[in-house]
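Novice: this one's structure only:
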């Protein structure tokens with residue numbers, strides 16, 4: 001499990017102002033993977049953007065190459081209650097990271113919940129993050145400095161609000177700001193308002209229609 005976490009984070013790279021997990025060397029042939037298995041059943045305007053398509057493609061590649069069959073099943077067998085529990089209270093980095101796949105597939109139902117969590121003040125903590133780089137946590141000594149190694153995430157995943165902000169960016173390709181331990185209540189409220197203003201412009205419609 002530790003090796004999987006190290007591989008997951010070492011292959012982190014920046015896309016625009018956000019971050020996405022890249023695949024490591026794997027025996028799974030990406031050309032043979034099924035397509036659109038993380039695509040929601042409903043469509044919205046943001047899904048037409050290049051940023052969304054890049055994020056979504058990276059999530060699908062990671063899901064296919066980094067998780068084994070049992071782990072894939074575990075992701076999809078979760079329900080909204082369990083997903084929210086992980087975001088709000090789980091300290092394991094890998095479980096938090098894997099929640100992105102469920103959220104991508106269930107975006108219409110989970111996006112409002114994630115936006116609401118941006119104003120949450122709870123500090124959960126984080127374990128199993130290997131060489132994860134969150135600048136303020138490194139500066140405070142909470143996270144170890146690994147020179148040029150390790151992955152960069154702009155949001156503080158020790159915070160409920162930071163997790164919500166990160167997952168929103170990962171599944172939509174949009175970013176209106178980041179959440180750190182220094183973010184004030186007013187800053188988080190403003191960020192939440194920006195996300196809700198964006199959400200009002202999205203009209204989810206069934207792909208079957």
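Specialist: Good, I have the coordinates. This one's a predicted model, so the numbers in the text were calculated from it and none came from an experiment.
Novice: what stretches of the protein score poorly on pLDDT?
Specialist: 1-32, 129-152, 208-209 (pLDDT under 70).
Novice: What segments of it are helices?
Specialist: 2-10, 50-66, 69-77, 80-89, 93-105, 107-117, 135-140, 160-172, 185-200 (DSSP state H).
Novice: Now the phi/psi pair for residue 182, please.
Specialist: phi -90, psi 0 (degrees, to the nearest 10).
Novice: got the contact list for the nearest residue to residue 177 once chain neighbours are set aside?
Specialist: With CB to CB, 6 or more residues apart in numbering as the criterion, residue 177 has its nearest non-adjacent residue at 4.7 Å, and that residue is residue 191. Heads up, the C-betas are built off the backbone N, CA and C, glycines and all. Shown in contact with residue 191 (CB atoms under 8 Å, 6 or more residues apart in numbering): 118, 165, 176-177, 179, 183.
Novice: Now the two most distant members of these.
Specialist: Distances among the contacts of residue 191 were taken as CB to CB; the most separated pair is 176 and 183, at 12.6 Å.
Novice: Look at the two and report which has more neighbours.
Specialist: Taking other CB atoms under 10 Å, residue 176 and residue 183 do not tie; residue 183 has more neighbours (21 against 17).
Novice: Look up how far residue 156 lies from the more buried one.
Specialist: Between residue 183 and residue 156 the computed distance is 8 Å (CB to CB, to the nearest Å).
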